[in-house]
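Enquirer: Next come a sequence and a model predicted from it.
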Amino acid sequence: MLTSLGLEQPTHKFQEKAVSGFQQARTGAVRDAACNLDLHLVSDWEEFEALEPVWNDLFERVGQSHNLFQSYNWNWHWCQSYLRSDPKTNALALSIVVGMREGRAVMIWPLLSNRHMGVKYVCWMGMPVSQYSDVLIEDGPDRLSWLEDGWNFICSRLGADMVCVPKVREDAALSSLLCALEVEPVQQAEAPYADLAEAGNYEVYASRFSSRLRKNRRRQHRRLSEQGDVSIEVLTEGETACAAAQQAIDMKRRWLQNQGLVSKAFSDNRIDAFFASALSSPDKPAGCQVSVLKVGSDIVATVIGFVCNGRYATHICAYNLDPKFAHSGAGSLLIDATVQDCLEKGLENFDMMAPGDAYKYEWTDATVMVSDYAVPLTPRGRAYAAFGACAYSAKAAFKTVPQRMRRALLAIVGPKV
């Protein structure tokens, strides 16, 4: 398969074995005669690593800028940090579905199997770090048929009680399939973004917003400068970048604690390992960059984002809770500087991703809908889906509780509820 794509053969013996097994008509492989599509299940780490050149080739051909979470490198770093962190107790298992046609990959579903409360469910690789779920797939007249074949393969072959499909953009390939299946979302949110291609430069971009807002940012910058020299640095790899990312994660955790909020992602220390991996592996770049605003030697605000095919996606925005920086607007100033940096680099989309928190609309002028889906396949899956719906409602209700009361409740029950 790899040689038919014109890609180099892997050099390691274990990879040769994996590729050999992947090239052959594996036990249980399914062929759709009408579309001449072979479907394969990759559930082994060696096969996953052997899939790298095939995955990269498909991503280069069909990957859109919003597919940044479906790249091989992104998911490799995630697997290193989450899947392989504790394999003896980890319920996660690779369940990647690959569609082949005429000797090349035309479709990849980056999936995992998981178990919780006795329920087996299929979910997307990368969660909770990834922010968009999608399938990498070639365009063409058979596109929807391939997606339906992939879906049927998942439902019939993986033995799951439920399929969880979080954070699907309305312009995703998956969206057309879920629409055809008439699946209703369990939750929706807006992902605000700015189209930088139309602006071309910062002056044109800034003219979209009120003079009052622009004046307020200049005032914030002057006020911050009174406390020391203001500097901004963009880091893309190495020990300094890793340290800055870790500090951003720590600041975010302190902010969540201060607000009395719960975050599944930040309650898990594996997110620390993920960003350390993404920023310290030059041979598998994930497009990660850390923007840091300092006043003197103090880090006051940090933004961690990712760049892919002309898109910049903000992932973590964090700021220093030290009272001397309160109301300084440092976070806003750093986001504003990040937009300027994107424009200077010729990026076309500044994506602040879901949910549509009020502050994000200060830099954006458009939105795309992002939906969560839970598709039960068995009675047990339906019961679990109903439990999940109740959990969604409870979490939404918890956010409406006054901040002081939220902090008191979390102090009693713990941050991982």
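Expert: Structure received. Numbering: from 1, shown residues only.
Enquirer: from what I can see Arg380 touches Gly118, true?
Expert: Yes: checked against C-beta atoms under 8 Å, the pair Arg380 and Gly118 is within contact range at 7.5 Å. Placement of C-beta: from N, CA and C, glycine included.
Enquirer: and the residue nearest in space to the middle of the chain, how far is that from Glu362?
Expert: Centroid-nearest residue in the chain, with C-alpha atoms, centre = their mean: Ser130, separated by 1.9 Å. In this view, Ser130 and Glu362 are 25 Å apart by C-beta to C-beta, to the nearest Å.
Enquirer: before we move on, what about Leu144?
Expert: Taken as C-beta to C-beta, the span from Leu144 to Glu362 is 38 Å.
Enquirer: and if you look at Ala244?
Expert: From Ala244 over to Glu362 (counting by C-beta to C-beta), the distance is 24 Å.
Enquirer: who's more crowded, these two?
Expert: Each of Ala244 and Glu362 has its neighbours counted (other C-beta atoms under 10 Å); Ala244 has more, 21 against 16.
Enquirer: Contact partners for the more buried one?
Expert: Ala244 makes contact with 235, 290, 292, 299, 302, according to C-beta atoms under 8 Å, 6 or more residues apart in numbering.
Enquirer: what's the most distant pair in the residues you listed?
Expert: Every pair in the contacts of Ala244 was compared (C-beta to C-beta); the two farthest apart turn out to be Leu235 and Ile299, at 11.6 Å.
Enquirer: how long is stretch 346-357 end to end?
Expert: Criterion C-alpha to C-alpha, to the nearest Å; first-to-last residue distance in stretch 346-357 is 26 Å.
Enquirer: for stretch 122-136, same thing?
Expert: Using C-alpha to C-alpha, first and last residues of stretch 122-136 are 17 Å apart.
Enquirer: Could you list the domains of the protein?
Expert: 3-183, 192-369 (automatic domain parsing).
Enquirer: need those domains in TSV with distance to Ala408 and mean pLDDT, can you?
Expert: Formatted as TSV, the entries for the domains of the chain read as follows, by distance: least, C-beta to C-beta, whole Å; pLDDT from 0 to 100:
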stretch	distance to Ala408	mean pLDDT
domain 3-183	26	84
domain 192-369	8	93
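Enquirer: Which of those domains sits closest to Ala385?
Expert: Ala385 lies closest to domain 3-183 among these, at 6.0 Å (C-beta to C-beta).
Enquirer: and Asn152, what helix or strand is that in?
Expert: Following DSSP states H and E, one finds Asn152 within helix 143-157.
Enquirer: whoops, I mixed them up, Ile299
Expert: Under the criterion of DSSP H and E, Ile299 resides in strand 298-308.
Enquirer: Name the strands paired with whichever helix or strand comes after that strand and say parallel or antiparallel.
Expert: Scanning forward in sequence from strand 298-308, with DSSP H and E defining helices and strands, the next element found is strand 311-319. Strand 311-319 pairs in its sheet with strand 298-308 (antiparallel), strand 349-351 (parallel), by DSSP bridges.
Enquirer: so the closest residue in space to Phe350 that isn't next to it in sequence, which of the three states?
Expert: Leaving out its chain neighbours, the residue that sits closest to Phe350 by C-beta to C-beta, 6 or more residues apart in numbering is Ala194, at 4.3 Å. Reduced to three states with DSSP: H, G, I helix; E, B strand; the rest coil, the structure at Ala194 is strand.
Enquirer: and the gap between Gly140 and Leu147?
Expert: Gly140 is 12 Å from Leu147, by C-beta to C-beta.
Enquirer: who has more neighbours, the two?
Expert: Per other C-beta under 10 Å, whichever of Gly140 and Leu147 has more neighbours is Leu147, with 22 against 12.
Enquirer: ok, which stretches of the stretch 301-417 of the chain are helices?
Expert: In chain order, the stretch 301-417 of the chain shows helices spanning 330-344, 379-399, 403-413, with DSSP state H, counting those that start in this stretch as the criterion.
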